[in-house]
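Student: Please work out how this folds:
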Amino acid sequence: ERTPSVWNGKQFQARELVERGSLLSDEGNPHAFRLGRMSIYHQQNQIAEAKQALEQAIAIDPNQVESFYNLGNLYKAEQECDRAIAYYQQALNLNPNFPQALLNLGNTLQQQEKVTGINVKRRQEAISYYKRATEVNPNYTEAYYTLGHGLIQQGHIAEAILTYQKGLKLDPEEPKAHTGLAFALLSLGFLEQGFSEYEWRWKTEEFTTGNLTQPSWNGEPLVGKTLMLYSEQGLGDMIQMIRYLPWVKEQGAKIILECRPPLKRLFATLPHIEQIVTREEKLPPFDEQASLMSLPHLSNTSLNTIPAPLPFTLPDLPENLILPESTAKLKVGLAWQGNTEHPNNYLRSCLFSDLLPLFNCDNVCFHSLQKELSEGDRQQLQQTPIQVFNPNCDDFLDTAHIIRQLDLVITVDTAIAHLSATLGKPTWILLHFSCDWRWMFLRVDSPWYSTVRLFRQTQPGDWFTVMVQVQQALVSIQN
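Tutor: As a prediction, this is how the structure comes out:
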């Protein structure tokens, strides 16, 4: 059976079309003219016209694998997953050994759950399509690292590592396979190897150093030089990795720290920094630069050499941030939603309604640490005894003032978790089934924070069991 060749058109608005080989055509096909016209429409971003050209090609000859596949790609890019799945399946009915269609069908099944919710059966179906793609084309590098990602999501870490290694034998320079392998290694505690592999992220399109022209620091002594440390990822990542400042200072550098505006006042309480700037401000002169997320690699961090969190020296508590008096035995902060722009926020966040079992605990005063609320959460919150988020709290320094008055923080995997744990506050983190690498695999504690306790989903999407465990733990610590 013939596998269609790949047409590499001009980049379309949906990155997936380029990453997956874009649209297909075949010069030897009797319908090459219509497919060529479709390609021109696609180049010009005339998607409706491209769809029409493909549908006309199918009407003339319903056995055109390329047309069904290309329609699937167009609908996938528009996140119309049901239609994309249907077209990929029609392409596979005509050619069951079409590896690109197998791969994209699996990807679309994974993509669909962001809209419809977690579906374990579809995750397993996606993995079966990825495996089938590697079977029909054993040299299909992309299928190997995509399969590796799917296996990690299902908790099959060892199998994922073997899969990434197979892909890297085919293409040792594939950055997505290296970064996927990094996540798998880190989640098992192999930090030195994992952080080394993670440096391959710079060769993917998701990561960039921006317009920086200064050389990247390689970890060598910096006596007499100025180093600019910057944030490439989220707020929580910055709070977690700021602990490396003393080590960087030991290398002799003057440190300029670039950070997000909500962290500027908090980080200003730290020693070791000559100047703090935000992304909106003009950068001062410096000699070399490094990402905070690269510091574990540059310092050869192992599981036994993780630095302790760097304590913040908080100023006096402002009167407008003082929590109201309570006779409850415990004051507990709650956060249940992360940054909505995070690609995995639908996995790591829960609903406020998921927290309701906790309110059955006696002698506990709950305080919301959630600044942004959905309308549904806001209405439910008003029907519970939880104290609303302090309206005077503007940034992470103010949030730190709130947290230091609490006895315990219970939160999903978001920046609040890192802030609370860095402050040395007992912090219970609610983790989804395929959680981030930093919380590792199957652990209930964290080598990054001594005050953290982890509560994990045992099944994808099952927050109920997690909350029952947390409720029992709350009762236990009061006895």
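
Student: and stretch 440-448, C-alpha only, in CSV?
Tutor: What follows is stretch 440-448, C-alpha atoms only, in CSV (Å, rounded to 0.1, in the frame of the first residue of the first chain):
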residue,chain,number,x,y,z
MET,A,440,8.4,12.7,41.2
PHE,A,441,6.8,9.4,40.9
LEU,A,442,4.8,7.8,43.8
ARG,A,443,6.4,9.9,46.5
VAL,A,444,4.3,11.4,49.4
ASP,A,445,7.1,13.9,50.3
SER,A,446,9.4,16.1,48.3
PRO,A,447,13.2,16.5,48.3
TRP,A,448,12.7,20.1,47.2
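
Student: From the chain's centroid, how far away is that stretch?
Tutor: 18 Å (Cα atoms, centre = their mean, to the nearest Å).

Student: ranges for the strands of this protein?
Tutor: 226-230, 254-259, 275-278, 288-291, 330-335, 364-368, 408-412, 427-431, 452-456 (DSSP state E).

Student: Quick one: closest of those to Glu192.
Tutor: strand 288-291 (17.6 Å; Cβ to Cβ). From N, CA and C alone the C-beta is placed, and that goes for glycine too.

Student: what separates the closest one from the chain centre, distance-wise?
Tutor: Relative to its chain's centre, strand 288-291 lies at 22 Å (Cα atoms, centre = their mean).

Student: now swap in stretch 268-279 and tell me
Tutor: With Cα atoms, centre = their mean, you get 26 Å for stretch 268-279.

Student: May I have the distance across it, first residue to last?
Tutor: One end of stretch 268-279 sits 16 Å from the other (Cα to Cα, to the nearest Å).

Student: average pLDDT across that stretch?
Tutor: Mean per-residue pLDDT for stretch 268-279: 94.

Student: Ok, stretch 412-423 next?
Tutor: The pLDDT scores in stretch 412-423 average 97.

Student: Then stretch 340-351?
Tutor: Across stretch 340-351, pLDDT averages out at 90.

Student: so how far is that stretch off the chain centroid?
Tutor: Counting by Cα atoms, centre = their mean, stretch 340-351 comes out at 9 Å from the chain centroid.

Student: Nearest to Tyr75 among the strands of the chain would be which one?
Tutor: Closest approach to Tyr75 among those (Cβ to Cβ): strand 408-412, 32.3 Å.

Student: need the helices for the stretch 151-300 of the chain, in chain order.
Tutor: 157-170, 175-187, 191-198, 235-241, 245-250, 264-267, 295-298 (DSSP state H, counting those that start in this stretch).

Student: oh sorry, the question was meant for the stretch 351-479 of the chain
Tutor: Using DSSP H, counting those that start in this stretch, helices in the stretch 351-479 of the chain cover 375-381, 396-403, 415-422, 463-478.

Student: Pick the most deeply packed of those.
Tutor: Compared across those, helix 415-422 shows the largest average neighbour count, a mean of 27 (mean count of other Cβ atoms under 10 Å).

Student: what's Leu347 in contact with, if anything?
Tutor: Leu347 makes contacts with 118, 432-434, as judged by Cβ atoms under 8 Å, 6 or more residues apart in numbering.

Student: which among these gets closest to Ala290?
Tutor: When those are ranked by distance to Ala290 (Cβ to Cβ), Ser434 comes first, at 29.2 Å.

Student: What is the nearest of the contacts of Leu347 to Asn70?
Tutor: Taking Cβ to Cβ as the measure, Asn70 sits nearest to Ile118 out of the contacts of Leu347, at 29.4 Å.

Student: Ramachandran angles for the closest one?
Tutor: Main-chain torsions, Ile118, degrees, to the nearest 10: phi -60, psi 130.

Student: looking at the helices of the stretch 351-479 of the chain, which is closest to Gly236?
Tutor: Nearest of the helices of the stretch 351-479 of the chain (Cβ to Cβ): helix 415-422, 3.9 Å.

Student: And that closest one, what does it pack against?
Tutor: For helix 415-422, the contact count by 3 or more Cβ pairs under 8 Å, 6 or more residues apart in numbering; DSSP states H and E identifies helix 235-241, strand 330-335, helix 396-403, strand 408-412, strand 427-431 as packing neighbours.

Student: Output the third one in CSV, but only the C-alpha positions, please.
Tutor: Provided in CSV are the C-alpha atoms of helix 396-403 (Å, rounded to 0.1, in the frame of the first residue of the first chain):
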residue,chain,number,x,y,z
PHE,A,396,3.2,37.6,46.0
LEU,A,397,4.7,39.6,48.8
ASP,A,398,1.2,40.3,50.0
THR,A,399,0.3,36.7,49.5
ALA,A,400,3.3,35.7,51.6
HIS,A,401,2.0,37.9,54.4
ILE,A,402,-1.3,36.1,54.3
ILE,A,403,0.3,32.6,54.2
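
Student: Distance from the chain centre to that helix, please.
Tutor: In terms of Cα atoms, centre = their mean, the centre of helix 396-403 is found 25 Å from the chain centre.

Student: same question, the first one
Tutor: In terms of Cα atoms, centre = their mean, the centre of helix 235-241 is set 13 Å apart from its chain centre.

Student: Check what contacts it and list those residues.
Tutor: For helix 235-241, contacts defined as Cβ under 8 Å, 6+ apart pick out 231, 259-260, 262-263, 292-293, 295-296, 339, 396, 413-415, 417-419, 422, 438, 448.

Student: again with the second one
Tutor: When contacts are defined by Cβ under 8 Å, 6+ apart, strand 330-335 is touched by residues 323, 355, 358, 363-370, 386, 402-403, 405-412, 414, 416-417, 420, 474, 477-478.

Student: Phe68 is in contact with Glu55, correct?
Tutor: No - using Cβ atoms under 8 Å, Glu55 makes no contact with Phe68, being 10.3 Å away.

Student: So the two - more neighbours on which side?
Tutor: Neighbour totals were compared for Glu55 and Phe68, and Phe68 leads with 25 against 14 (other Cβ atoms under 10 Å).

Student: Would you check how far apart the more buried one and Ala86 are?
Tutor: As for Phe68, its distance to Ala86 is 9 Å (criterion: Cβ to Cβ, to the nearest Å).

Student: Repeat that for Tyr346.
Tutor: For Tyr346, the distance to Ala86 equals 23 Å [Cβ to Cβ].

Student: try Gly424
Tutor: Gly424 is 54 Å from Ala86, where distance means Cβ to Cβ.

Student: Give me the below-cutoff pLDDT ranges for the chain.
Tutor: Across the chain, the ranges flagged by pLDDT under 70 are 1-46, 209-210.

Student: what about the nearest residue to Ala473 once chain neighbours are set aside, neighbour count?
Tutor: Closest residue in space to Ala473, ignoring its immediate chain neighbours: Trp428 at 7.2 Å, by Cβ to Cβ, 6 or more residues apart in numbering. Residues lying near Trp428 (other Cβ under 10 Å) number 21.

Student: next one: Trp448
Tutor: 19.

Student: thought it was touching Ile306?
Tutor: Yes - counting by Cβ under 8 Å, Ile306 is a contact partner of Trp448 at 6.1 Å.

Student: one step back: switch the strands of the chain over to a markdown table; also include distance to Gln124.
Tutor: Below are these laid out as a markdown table (distance: least, Cβ to Cβ, whole Å):
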| stretch | distance to Gln124 |
| --- | --- |
| strand 226-230 | 40 |
| strand 254-259 | 41 |
| strand 275-278 | 44 |
| strand 288-291 | 36 |
| strand 330-335 | 32 |
| strand 364-368 | 37 |
| strand 408-412 | 25 |
| strand 427-431 | 21 |
| strand 452-456 | 20 |
